[in-house]
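S.K.: dropping a prediction and its sequence here:
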Amino acid sequence: MHPQTFSLLFFLIFSTLASSKACHPVDKEALLDFKHKITDDPSKLLHSWRVSSDCCTSWEGVACDASGRVVNVSRPGLASDNDFIEDTYMSGTLSPYLGNLSSLQVLDLSNLKDLKGPIPEELGKLSKLTHLFLDTNKLTGSIPSTLRYLSQLEKMYLSDNFISGIVPPSVMKSWTHVSELGLSGNALSGPIPPTIGKVVMITKLDLHGNNFTGRIPTGFGNLKNLRYLDLSENQITGSIPQSIGGLAALELLYLNQNQLTGRIPSSISGLGSMIFCRISENKLSGSLPPSIGQLSKIQRLILENNKLTGKLPATIGHLTALTDIFFSNNYFTGKIPSSFGNLLNLQTLDLSRNRLSGQLPPQLAKLKGLQTLDLSYNPLGLVRIPNWFQELRVFQLMLANTGIEGELPHWLSSSSISQLDLSGNALTGKLPWWIGNITSLSFLNLSNNGFHSSIPVEFKNLSLLMDLDLHSNKFSGHLNVIFSKEVQDPLGHFNSIDLSYNMFTGPIDDDIGERPAMSSISSLVLSHNTLGGSLPKSIGKMRELQVLKLVNTGLSGMIPEELGDAKELSTILLSRNKLTGAIPEIVLNLKALKQFDVSSNRLRGRIPPHKAIIPASAFKNNPGLCGTPLPPCKHF
């Protein structure tokens, strides 16, 4: 149920009490025909609608005026009273006879989930209708052009159906009283009608998740009362019109996931009420206008995944209400402005995947509320992580590919960082023993560096660690320290481990699958290490394992049948080892299996029949293997 329908309950109750005449026969016939076209009503929402009783006084969800005319029909699938929320459904179609309810003001059949078929054109006869809620059903067809006759309409939601076609321009033009319009989550196409500029009373417009094309109409600038605008997840092209600066009341703006091009207009400064702005996932280019610094109430600014260029305007430092900046994956250049240090409410600063360079402003140390700092994939040439970083209290510190050299700074040992990504740098030396002191770590990525030590025993103390990526270093020694890490139930069980391309030695412990830290792992990648030994049977006890990669690890012995007990496995890569024996049928017939490779081993026997599409190359260089997709067997 919509929040606004709760206020309508008072109207419903009042109207019922005010009713003094019996239900009008035309209205009763209309509602009975609606009930007749409902094929399934498991919660008996229409149970009280009986021919023998009065629809004004005895039918649930129906209210009448003093003359006995029905003014409110509310039977939503999500209903609430003081004690509980009831969630149900109703199957069937909408009766055209509903158009005969000539005094109807409210029609709420939302969230019934299974109403199908078209919206009857006859609903256009409901000249007194103010509220129409048909959202969250399975309605099909187009928006009837007859809805242009609903001149009293104030709120309409048709969201989350399968409605297609264009929005008739004539409909928009006549809705001079509409304050809320929700058409999201359908298959509507064509341009947004330019007549949208006539709906001057509108405060909320949600068109997201359709197939709208064409440009944003310039008429949007006329909607002076608009507070909420969502055009995201469409195929809208062209530039953001200058007229958007006229939306002085706008608080939330979603234009993300379209194909918008051109610059962000300088008139954006006119959006003085805006709190949330998301224009990400487009093709916007050019530099950010300095006038963006006039959005004094903005809290979240999301511009990631565009083609924006130029320097970051220093005027952003005026936006002291900002809590989140997401500018990732653009082409911003130059230094990070020192004025960013004024953003004392900032919690997230994501400038990753740009072309920023130069010294980091020490003024950022003033951002005591900062929780996430991501500067990854910028040619910053940091060399050292500045010492003032220890004054921050960030939970997520992401500095991948930023030119860091040397050893890990010791101040990390006393930090409360939960996610640390220093991958793709030139870090060297040993993994320090104090790594075990960063007990808040849940995510650690030190891949693509030059570390060259064993894993210190103190690593076991990382009892919250769930994702570990150390691939492409020169780590050595045994893996047991990692697999036997402590946990803090229900946290600290590994989700993913990538230790590939190192110098670790084995063998892999036989009981790896019985270690608490390994109980819910979904991805285990140990390729290109000199592990030796055999493939432990206990891997089959990793019930959530999806990815297993042990390429070029010196494994010998047989592929254990127990591996087939890991039912979620979709990727098994065991190539370039010394495995012998036959391929177990249970392993090759895992239901989720999509990628399988045992090439360049010493396997023998017939390849078991299997449903997964596996190329011949996945079995090659095993002189004893035969059968589809390899040549047929002669001796088996």
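M.R.: Right, received. Where do you want to start? Residues are numbered from 1 along each chain as shown.
S.K.: low pLDDT regions in the stretch 1-150 of the chain?
M.R.: Under the criterion pLDDT under 70, the flagged ranges of the stretch 1-150 of the chain are 1-20, 80-83.
S.K.: ranges for the strands of it?
M.R.: For the stretch 1-150 of the chain, strands defined by DSSP state E, counting those that start in this stretch occupy the ranges 38-40, 62-64, 70-74, 78-80, 85-87, 90-93, 106-108, 113-118, 131-133, 138-140.
S.K.: compare these and give me the one nearest residue 242.
M.R.: Taking C-beta to C-beta, strand 131-133 is the member of the strands of the stretch 1-150 of the chain nearest to residue 242, at 33.8 Å. In this view, the C-beta of every residue, glycine as well, is placed from N, C-alpha and C.
S.K.: helices or strands up against that closest one?
M.R.: helix 3-18, strand 106-108, strand 155-157 (3 or more C-beta pairs under 8 Å, 6 or more residues apart in numbering; DSSP states H and E).
S.K.: what distance separates the second one from the centre of its chain?
M.R.: This points to strand 106-108. On the basis of C-alpha atoms, centre = their mean, to the nearest Å, strand 106-108 sits 32 Å off its chain's mean C-alpha point.
S.K.: ranges for the helices of this structure?
M.R.: Shown for the chain, the helices assigned by DSSP state H span residues 3-18, 25-36, 169-174, 480-483, 585-588.
S.K.: in the second one, what's buried?
M.R.: By neighbour count, and taking 16 or more other C-beta atoms under 10 Å as the criterion, the buried residues in helix 25-36 are 27-28, 30-32, 34-35.
S.K.: select the helix or strand of this protein having the lowest average pLDDT value.
M.R.: helix 3-18 (a mean of 47; mean pLDDT, DSSP states H and E).
S.K.: per-residue confidence at the closest residue to residue 160 other than its chain neighbours?
M.R.: Counting by C-beta to C-beta, 6 or more residues apart in numbering, residue 160 lies nearest to residue 185, which is 4.0 Å off, once chain neighbours are set aside. On pLDDT, residue 185 comes in at 98.
S.K.: before we move on, what about residue 524?
M.R.: At residue 524, the pLDDT recorded in the model is 98.
S.K.: and it, how many neighbours does it have?
M.R.: 22 (other C-beta atoms under 10 Å).
S.K.: and residue 387, by the same measure?
M.R.: The burial count for residue 387: 11, using other C-beta under 10 Å.
S.K.: same question, residue 318
M.R.: Neighbour number of residue 318 under other C-beta under 10 Å is 18.
S.K.: and the one 4 residues further on, by the same measure?
M.R.: Using other C-beta under 10 Å, the number of residues around residue 322 comes to 24.
S.K.: then the one 4 residues further on?
M.R.: Neighbours of residue 326 under the rule other C-beta under 10 Å: 20.
S.K.: one more: residue 121?
M.R.: 14.
S.K.: which residues touch it?
M.R.: 96, 99, 144, 146 (C-beta atoms under 8 Å, 6 or more residues apart in numbering).
S.K.: mind doing that once more with 10 Å?
M.R.: 96, 99, 141, 144-147 (C-beta atoms under 10 Å, 6 or more residues apart in numbering).
S.K.: switch these over to CSV; also include distance to residue 415 and neighbour count.
M.R.: Output for the contacts of residue 121, formatted as CSV (distance: C-beta to C-beta, whole Å; neighbours: other C-beta atoms under 10 Å):
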residue, distance to residue 415, neighbour count
96, 67, 17
99, 66, 18
141, 58, 15
144, 61, 17
145, 63, 15
146, 64, 19
147, 59, 24
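S.K.: tell me which of these is nearest to residue 486?
M.R.: Nearest to residue 486 out of the contacts of residue 121 is residue 141 (C-beta to C-beta; 59.5 Å).
S.K.: quick one: contacts for the closest one?
M.R.: Contacts of residue 141 by C-beta under 10 Å, 6+ apart are 117-121, 161-165.
S.K.: state the phi and psi torsions of it.
M.R.: phi 80, psi -170 (degrees, to the nearest 10).
S.K.: check the gap between it and residue 174 for me.
M.R.: Per C-beta to C-beta, to the nearest Å, residue 141 is found 20 Å from residue 174.
S.K.: equivalent analysis for residue 330, please.
M.R.: 42 Å.
S.K.: list the contacts of residue 489.
M.R.: 463, 516, 519.
S.K.: the second one and residue 491 touch, don't they?
M.R.: It stands for residue 516. No. If you go by C-beta atoms under 10 Å, residue 516 and residue 491 don't touch, sitting 11.5 Å apart.
S.K.: so how many other residues sit close to the nearest residue to residue 590 once chain neighbours are set aside?
M.R.: Among residues not flanking residue 590 along the chain, residue 569 sits closest, at 5.2 Å (C-beta to C-beta, 6+ apart). Residue 569 has 26 neighbouring residues, counting by other C-beta under 10 Å.
S.K.: now do residue 569, the pLDDT please.
M.R.: 97.
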